[in-house]
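Participant: Sequence and predicted structure below; questions after.
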Amino acid sequence: MRKKKNRLFTAISVLLILVLVIGAYFYVSYINKKKKEAEEKKSPSTIWIANFDRNKITKIDIKHDDIHLVLEKVKNKWIVNGINNPLYFDQDKIDDIAFSCAQMTAEKIADTNPKDLKKYGLDNPKSIVVATFSDGKNVTFYLGSETPITSTYYLMKKGDPKVYVVWTNHAENFTVKPSKLLSVKIPEIDTQNITYVKLVRKGQPTIEIKKVDEKNKEDNEWKYYVRLWNLVQPYSQPVGVASDKFSEFIENVPNFSPEDIVGEDVYNPKYGLQSPRIELIVKDNKNTLHLFVGNNVDDSTVYCKMADSKVVFTMSTYKTEFMNTIKPFDLIEKFAYIVNIDYVDKIEIFTKDKKHTLILDKKLIKKATSEEESDEYKYNFQADGRKIDEDTFKKFYQEIIGLLIDGENDKKPTGTPEVTMKFYLVNKKVDVIEYIPYNDDFYMVVKNGKSDFVIAKEQVQKMLKDLEDLVAGKYKPPEN
């Protein structure tokens, strides 16, 4: 029994010694680390230009180009140029400017006693910055030109004869533009992942675009019509959106940025934001941008606000002009009717005295195993009972779906159609496309009883002539 107690005592003693050794190790390591940090701070290799307490800066005066900014701390919050509303301004950005004024180190000393300041761009500095402290003292910096080494600049401090080389972040802070200090947050939109756009304008038709989601049961059918987006307003039925035109339009959105903040009185009639001239909503797969555009301030700026904010700001008119000029017709695919051949079983084409029937009989030979693949079919094509080889039929099919509209229809579709085309789809749906005379040169394109567009008669008549040749076995596809 005594031996067991001795062994237990020995084990506890060893454990206590081990704990003391580990504790001593970490304590010594901590002390050494602190000593090292203190030595580094005092190290002559660190070239300090300014080493003050940033929290004691009460005012920063910045002059560069034609810009004069006065940043003042009021109740521990920064205001700009006397506008006493800290919510208007990006406090973190201004704190970063204060850091440049208080804790600035140099990469090196370029000249200890310069004779010619011109070669450093310091005879006429790019920027002059004065930081004032709570005790009334101040420090002044002069920013020169960029050095031959990218991302560094020359800089001097008042009362110090040396020319220093500093990193570009200090130069950016000392040449900051007013718009960079504003707290207005315009969401960043990923133009490659747009899901929704709505543009409402006074005196112009509303444009509304939705991305087709094939995984959505309601949208799944739109894959028949070879679409990525649908223009759901302003026409009587959805129309496909041209990818290239849509990209040109939406690429303007990331250019939005505020120029200046003018207040929070959104009901002030001079701003025109109670009943905005323009309302834009853009959604990607993460963010939503909702912008109101009101009256012009002058020829170059316009009043704006975000939907979730009362802050009124100005923006350059050139950044918003694209919303005034875009037309719905500019954005759409110009096909009179386009449908993927894999989703068509039969087409009937009627003229005044004839009817033609095209059969698209197909057999599935390989089912797609991923989203990157498509089902593969073996086709049996017929035109009025005549068997047509696959290549010939598909080239004629391209003529049918390649008919292009020429403009918008401003008439109600009345009268007897000269040409009717019925597309029988695999889901048992039948799309009826009628061509009714608009005038001597154009047809109204009537899809399922509704008409928004016109097409040149010569296009349709050319297709009918080629159809007669196809049925007769004399069809010669157009040369591309």
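Facilitator: Nice, I can see it.
Participant: who's the nearest residue to residue 233 once chain neighbours are set aside bridged to?
Facilitator: Excluding its sequence neighbours, the residue lying closest to residue 233 (C-beta to C-beta, 6 or more residues apart in numbering) is residue 208, at 3.8 Å. To be clear about C-beta, it is placed using only N, CA and C from the backbone, and glycine gets the same treatment. In this entry, residue 208 is beta-bridged to residue 198, residue 233, by DSSP bridges.
Participant: Which residues are in contact with residue 208?
Facilitator: By C-beta atoms under 8 Å, 6 or more residues apart in numbering, residue 208 lies in contact with 197-199, 231-234.
Participant: distance between the helix or strand containing residue 131 and the chain's centre?
Facilitator: Using DSSP states H and E, residue 131 maps to strand 127-133. Averaged C-alpha coordinates place strand 127-133 at 37 Å from its chain's average position (C-alpha atoms, centre = their mean, to the nearest Å).
Participant: What are the contacting residues of it?
Facilitator: Residues outside strand 127-133 that contact it (C-beta under 8 Å, 6+ apart) are 52, 56-64, 98, 101-102, 138-143, 171, 174-175.
Participant: do the same with stretch 255-274
Facilitator: Residues contacting stretch 255-274 (C-beta under 8 Å, 6+ apart): 83, 85, 88, 178-179, 182, 184, 186, 289, 291-292, 294-295, 301, 303-305, 310-316, 319.
Participant: Could you do stretch 286-295 as well?
Facilitator: 186-190, 193, 253, 256, 270-273, 276-283, 302-308, 315, 320, 323.
Participant: Kindly recompute the last result at 6 Å.
Facilitator: Stretch 286-295 is contacted from outside by 187, 189, 271-273, 276-282, 302-305, 307, 320, using C-beta atoms under 6 Å, 6 or more residues apart in numbering.
Participant: Repeat that for stretch 396-412.
Facilitator: So stretch 396-412 is contacted by 329, 334, 336, 338, 341, 444, 451-456, 459, 463, 466, 470 (C-beta under 6 Å, 6+ apart).
Participant: So residue 432 sits against residue 423, correct?
Facilitator: No - with contact defined as C-beta atoms under 6 Å, residue 432 does not count as touching residue 423 (7.9 Å).
Participant: Quick check on these two: which one has the bigger neighbour count.
Facilitator: Comparing residue 432 with residue 423 by other C-beta atoms under 10 Å, the one with more neighbours is residue 423, at 23 against 15.
Participant: any idea which element the spatially closest residue to that one that is not a sequence neighbour lies in?
Facilitator: Closest residue to residue 423 apart from its sequence neighbours, by C-beta to C-beta, 6+ apart: residue 431 at 4.5 Å. Here residue 431 sits within strand 430-437, counting by DSSP H and E.
Participant: Which parts of that strand count as buried, going by neighbours?
Facilitator: Neighbour-count burial for strand 430-437 flags 431, 433-436 (criterion: 16 or more other C-beta atoms under 10 Å).
Participant: quick one: the spatially closest residue to residue 310 that is not a sequence neighbour and residue 311, what's the gap?
Facilitator: Nearest non-adjacent residue to residue 310, counting by C-beta to C-beta, 6+ apart: residue 264, 4.6 Å away. Separation of residue 264 from residue 311 (C-beta to C-beta, to the nearest Å) stands at 6 Å.
Participant: Give me the more crowded residue out of the two.
Facilitator: Using other C-beta under 10 Å as the criterion, residue 264 and residue 311 rank with residue 311 on top: 20 against 15.
Participant: and that one, what does it touch?
Facilitator: Residue 311 sits next to 184, 264 when contact means C-beta under 6 Å, 6+ apart.
Participant: What are the boundaries of the helices in the stretch 101-250 of the chain?
Facilitator: 168-174, 243-250 (DSSP state H, counting those that start in this stretch).
Participant: so who does residue 230 touch?
Facilitator: Neighbours of residue 230 in contact, by C-beta under 6 Å, 6+ apart: 210, 238.
Participant: again, 10 Å this time
Facilitator: Contact partners of residue 230, counting by C-beta atoms under 10 Å, 6 or more residues apart in numbering, are 208-212, 219, 222, 237-241, 332.
Participant: Ranking by neighbours, what's the top pick from those?
Facilitator: Within the contacts of residue 230, most neighbours by other C-beta under 10 Å means residue 239, with 27 neighbours.
Participant: how close does that one sit to residue 332?
Facilitator: 5 Å.
Participant: what do you get for residue 115?
Facilitator: Plainly put, residue 115 is 68 Å away from residue 332 if you go by C-beta to C-beta.
Participant: picking up where we left off before, narrow the contacts of strand 127-133 to just the buried residues.
Facilitator: 52, 57-62, 64, 98, 101-102, 138-143, 171, 174-175.
Participant: remind me, longest strand of this structure?
Facilitator: The longest strand of the chain (DSSP state E) is strand 355-366.
Participant: Mind listing the strands the very next helix or strand once past that strand pairs with, and their directions?
Facilitator: The helix or strand immediately downstream of strand 355-366 is strand 376-383, counting by DSSP H and E. Counting by DSSP bridges, the strands paired with strand 376-383 are strand 355-366 (antiparallel), strand 386-388 (antiparallel).
Participant: Distance from stretch 186-194 to the middle of the chain?
Facilitator: 3 Å.
Participant: How about residues contacting that stretch?
Facilitator: 197, 209-211, 228-229, 246-247, 249-254, 256-258, 282-291, 304, 306, 308, 313, 315.
Participant: redo that, cut-off 8 Å
Facilitator: Stretch 186-194 has contacts (C-beta under 8 Å, 6+ apart) with 211, 229, 246-247, 250-251, 253-254, 256-258, 282-289, 291, 306.
Participant: what residue ranges in this protein score low on pLDDT?
Facilitator: By pLDDT under 70, the weakly predicted segments of the chain are 1-44, 214, 216-220, 480.
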